[in-house]
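J.: Would you be able to build a 3D model of this:
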Amino acid sequence: MPTDAVPAPAQSSATLSRRGFLRAATITGGGLVAAVVAACAPAAQGPSWTYGPTLAPDGAGASSPSPLPATPAPSTDLGHVMPSGSPDYVAHDAHALELVQRFLGGEATQVEGLGNQPYGDPVIDGGAKVFNLTIDEIKHRIDAKGAALDGLGFNGTWPGPRIDVIEGDRIRAVFKNNMRESTGIHFHGQRVPNNMDGVPHVTQDPIPPGGSFAYEFTAEPSGSHMYHSHHNATDQVGRGLLGAFIVHPKDPALRAERRYGISQDIVWISNDSFGGFTINGRGFPATEPIVAKLGDRILIRFMNEGNMMHPWHLHGVPMQVVARDGHDLGSAAFTCDTLGVNPGERWDVLIDCTEPGAWAFHCHILQHAEGAEGMFGMVTALVVQDPASAAIQRETGATAALAAASAAGSTALTCQIRAT
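T.: Here you go, the predicted structure:
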């Protein structure tokens, strides 16, 4: 790779096919348990998978989820009385299962306006890489069924485009304000000239409605950074004026795909204001699962653009934390399964996908992830495919993942795989 080329975010070669993923899941003790086996398809830009038909618990095929059962009246049998004040568990389980089925049905791909997409190639002008961005009033959907919200976005999306540059690049970011209010943009974590720091009334005048402002600086330091509003920011950032600004090291040998051998480079932006608890502008069941093959290594760049700390917890496998706020931890790197990310912080973690299955990945402040009607908000899953198990499934109808789930005492619906 040329030293001045911006590396494209690494994508997994294990992107799910549209017919090859989960066929069933259920809720057990508030967690997502699923038997997972899938055939692989070539990587593609953006989501390229959906989930196939859900099977009934007895294994009989069904083209769509069964209607939710009617909620029975609480039992008068003293041995089965629901605790005082608690919701009826049948209604809870039915609604919780419906949410999981929506997630497994690929709801993330069904909601328009997916943000956090790569900006693409910038214009080169006088040695500067020029990024042209608009600041827009938008309609934004947190999930497929909720009403569209009056959000804000860069280039029409929340989060705004992911911008990837190389350490030492000369950057010119031109923002055109299409809102009916003024604003200012801050490149969080970058060493910029004071007059490009983006704080209205301190380093610049506000960008008025219809106005533009060009921020010009040298990209440094390398690492995971952000750009966001710094004017009426509680409202403007809370409604979507945020995006990832990734500065890759000048030395190609130090870039993540070379240094760590990663198959995916994932930006994970959390927010907790307008629209509730979101990951990259979406709430469960419309959050995107992370899909990888057994043996892959992936990089996740956690970025907190909200007002609360969020402790991200991954089931099944640990996380190796290698950088904080764009600074390499070196020998201070550490391993954990729960990582607290404070507002404004960025943490880079490596995950070795050593365990096949669908592993819940969620904020462990439980009020941000699960309630009386099931999971919501800051929940997704790491899906680790085992191609060997997929081959066994096609030949024998059994899967190692299902056997492992059974041995662990988990409840899972019957899994059926179709060859692609």
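
J.: all helices of the stretch 301-420 of the chain, in order?
T.: Ranges of helices in the stretch 301-420 of the chain, per DSSP state H, counting those that start in this stretch, are 387-396, 400-407.

J.: Check the stretch 101-250 of the chain too.
T.: Going by DSSP H, counting those that start in this stretch, the stretch 101-250 of the chain shows helices at 233-238.

J.: how about the strands in it?
T.: For the stretch 101-250 of the chain, the strands defined by DSSP state E, counting those that start in this stretch occupy 123-125, 128-140, 149-154, 163-166, 170-177, 185-188, 212-218, 223-229, 242-248.

J.: Using CSV, please lay out those strands together with distance to Gly113.
T.: The C-beta positions use only the backbone N, C-alpha and C, and glycine is treated the same way. Below are the strands of the stretch 101-250 of the chain laid out as CSV (distance: least, Cβ to Cβ, whole Å):
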stretch, distance to Gly113
strand 123-125, 25
strand 128-140, 6
strand 149-154, 8
strand 163-166, 18
strand 170-177, 19
strand 185-188, 21
strand 212-218, 24
strand 223-229, 18
strand 242-248, 14
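
J.: Can you check which of these gets nearest to Ile300?
T.: Within the strands of the stretch 101-250 of the chain, the stretch nearest Ile300 is strand 223-229; the backing value is 9.8 Å (Cβ to Cβ).

J.: Pick out the shakiest of the helices of the stretch 301-420 of the chain, pLDDT-wise.
T.: The minimum mean pLDDT among these belongs to helix 400-407 (a mean of 36).

J.: how about low-confidence regions in this structure?
T.: Counting by pLDDT under 70, the ranges of the chain that qualify are 1-5, 8, 10-87, 389-420.

J.: Swap in 90 and give it another go.
T.: Applying pLDDT under 90 to the chain flags the ranges 1-93, 274-275, 372-373, 386-420.

J.: re the thing from before, which one, of the strands of the stretch 101-250 of the chain, ends up nearest to Glu107?
T.: Ranking the strands of the stretch 101-250 of the chain by distance to Glu107, with Cβ to Cβ as the measure, places strand 128-140 first at 15.1 Å.

J.: Just the buried positions in that closest one, please.
T.: Residues of strand 128-140 classed as buried by neighbour count (16 or more other Cβ atoms under 10 Å): Ala128, Lys129, Val130, Phe131, Leu133, Thr134, Ile135, Asp136, Ile138, His140.

J.: will you turn those residues into TSV that also has distance to Trp359?
T.: Conversion of the buried residues of strand 128-140 to TSV gives the following (distance: Cβ to Cβ, whole Å):
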residue	distance to Trp359
Ala128	43
Lys129	38
Val130	41
Phe131	36
Leu133	35
Thr134	38
Ile135	37
Asp136	36
Ile138	33
His140	28
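
J.: List just the nearest of these to Gly146.
T.: Distance from Gly146 was checked for each of these by Cβ to Cβ. The minimum falls on His140, at 10.2 Å.

J.: Quick check: the closest one touching Thr278?
T.: No: contact between His140 and Thr278 fails when scored by Cβ atoms under 8 Å: they sit 9.9 Å apart.

J.: quick revisit: so for Val202, which of the strands of the stretch 101-250 of the chain sits nearest?
T.: Distances from Val202 to each of the strands of the stretch 101-250 of the chain were compared using Cβ to Cβ; the minimum, 10.6 Å, belongs to strand 185-188.

J.: List the contacts of that closest one.
T.: With contacts defined as Cβ atoms under 8 Å, 6 or more residues apart in numbering, strand 185-188 is touched by 135, 173, 175, 196-199, 207, 213, 215, 217, 225-230, 245, 344.

J.: In PyMOL, how would I select just the buried ones from the residues you listed?
T.: Below is the selection syntax for PyMOL that covers the buried ones among the contacts of strand 185-188, with 16+ other Cβ under 10 Å defining burial:
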select buried, resi 135+173+175+196+197+198+207+213+215+217+225+226+227+228+229+230+245
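
J.: distance of the residue lying closest to Lys129 once chain neighbours are set aside from Leu299?
T.: Nearest residue to Lys129 in three dimensions, chain neighbours excluded: Pro122, at 4.2 Å (Cβ to Cβ, 6 or more residues apart in numbering). Taken as Cβ to Cβ, to the nearest Å, the spacing of Pro122 relative to Leu299 amounts to 23 Å.

J.: With neighbour numbers in mind, choose between the two.
T.: Between Pro122 and Leu299, counted using other Cβ atoms under 10 Å, the more crowded position is Leu299 (23 against 19).

J.: what about the one helix or strand the more buried one maps to, distance to the chain center?
T.: Taking DSSP states H and E as the definition, one finds Leu299 inside strand 297-304. For strand 297-304, the separation from the chain centroid amounts to 9 Å (computed by Cα atoms, centre = their mean, to the nearest Å).

J.: what's the spacing between the closest residue to Phe217 other than its chain neighbours and Ala219?
T.: In space, Phe217 comes closest to Val192 once its chain neighbours are excluded; the distance is 4.2 Å by Cβ to Cβ, 6+ apart. Using Cβ to Cβ, Val192 is found at 10 Å from Ala219.

J.: Can you measure across stretch 314-333, start residue to end residue?
T.: Using Cα to Cα, to the nearest Å, the span of stretch 314-333 from its first residue to its last is 18 Å.

J.: centre of the chain versus it, how much separation?
T.: Here stretch 314-333 shows a centroid-to-chain-centroid distance of 18 Å under the convention Cα atoms, centre = their mean.
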